[in-house]
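Chemist: Structure for the following, please:
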Amino acid sequence: MEEIVNKVTESGLITFNLEDYYPAEAELYKIDLKDLLFQGLILREKDLRDWVKQFDADQVKGKYVWITCSADAVIQTWAYMLIAQKLCTTAVKVILGNEVKIVEEIITHKISQIDLSQFNDQRVVVKGCSKKQIPDSLFVYVANILTPMVKSLMFGEPCSTVPLYKKK
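Modeler: Numbers count the residues shown, from 1 in each chain. Modelled structure (predicted):
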């Protein structure tokens, strides 16, 4: 009987899985300004300043803080800045935006922290399928940072890839 050979294992492909950098729920701290609106409509400066003063910044230590407003209200730019300046020394990062923006920012930040030299002159496949929703913009980001250093770049799964780039 002929031995079964795993050609994927022997191919030398390195899989880059964006899902590995997806934020865990415990890494996030959401601040919804909707909860601070006066009569659900406006954000009063005194109320926000009091809230910021009383907020214990230690509860966001080591977390990505996500500022949003789920109500249809006009929030002045300084309000976001006031919150960010209070939390920027204890939080990993303070981010403003919707859920997709938060995921993009966090994954980009995490990738920027890794040593990319491991991908120098390697055959890399960026994993396409995942259990979590990965924004397309992150695939573009990864293509931008990996292309100059890899031998080849592919998309998909090691057993079925779409070639994107091959160094000449």
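Chemist: hey, let's count contacts and neighbours off CA atoms from now on
Modeler: Fine.
Chemist: can you list contacts of stretch 30-41?
Modeler: For stretch 30-41, the external contacting residues (C-alpha atoms under 8 Å, 6 or more residues apart in numbering) are 43-44, 47-48, 65-73.
Chemist: buried stuff in it?
Modeler: Neighbour counts using 16 or more other C-alpha atoms under 10 Å place 33-34, 36-37 of stretch 30-41 among the buried residues.
Chemist: Among the residues you listed, which ones are in strands?
Modeler: Using DSSP state E, no member of these sits in strands.
Chemist: Let me know the closest of these to residue 126.
Modeler: Residue 126 has its nearest neighbour among the buried residues of stretch 30-41 in residue 33, at 36.7 Å by C-alpha to C-alpha.
Chemist: now that closest one: how far from residue 48?
Modeler: Distance of residue 33 to residue 48, given as C-alpha to C-alpha, to the nearest Å: 9 Å.
Chemist: By neighbours, which of the contacts of stretch 30-41 wins?
Modeler: Using other C-alpha atoms under 10 Å as the neighbour test, the contacts of stretch 30-41 are led by residue 65, with 25 neighbours.
Chemist: List the contacts of the nearest residue to residue 74 once chain neighbours are set aside.
Modeler: Distance criterion C-alpha to C-alpha, 6 or more residues apart in numbering; nearest residue to residue 74, sequence neighbours excluded, is residue 42 at 7.1 Å. Taking C-alpha under 8 Å, 6+ apart, we find residue 42 in contact with 73-75.
Chemist: Make JSON lines out of those and add pLDDT and secondary structure.
Modeler: Below are the contacts of residue 42 laid out as JSON lines (pLDDT from 0 to 100; DSSP: H, G, I helix; E, B strand; the rest coil):
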{"residue": "73", "pLDDT": "92", "secondary structure": "coil"}
{"residue": "74", "pLDDT": "87", "secondary structure": "coil"}
{"residue": "75", "pLDDT": "93", "secondary structure": "coil"}
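Chemist: Show me the longest helix that occurs in the chain.
Modeler: Using DSSP state H to define each element, the chain has its longest helix at helix 99-112.
Chemist: Pull out the buried positions in that one.
Modeler: Neighbour counts over helix 99-112 (16+ other C-alpha under 10 Å) mark 102-108, 111 as buried.
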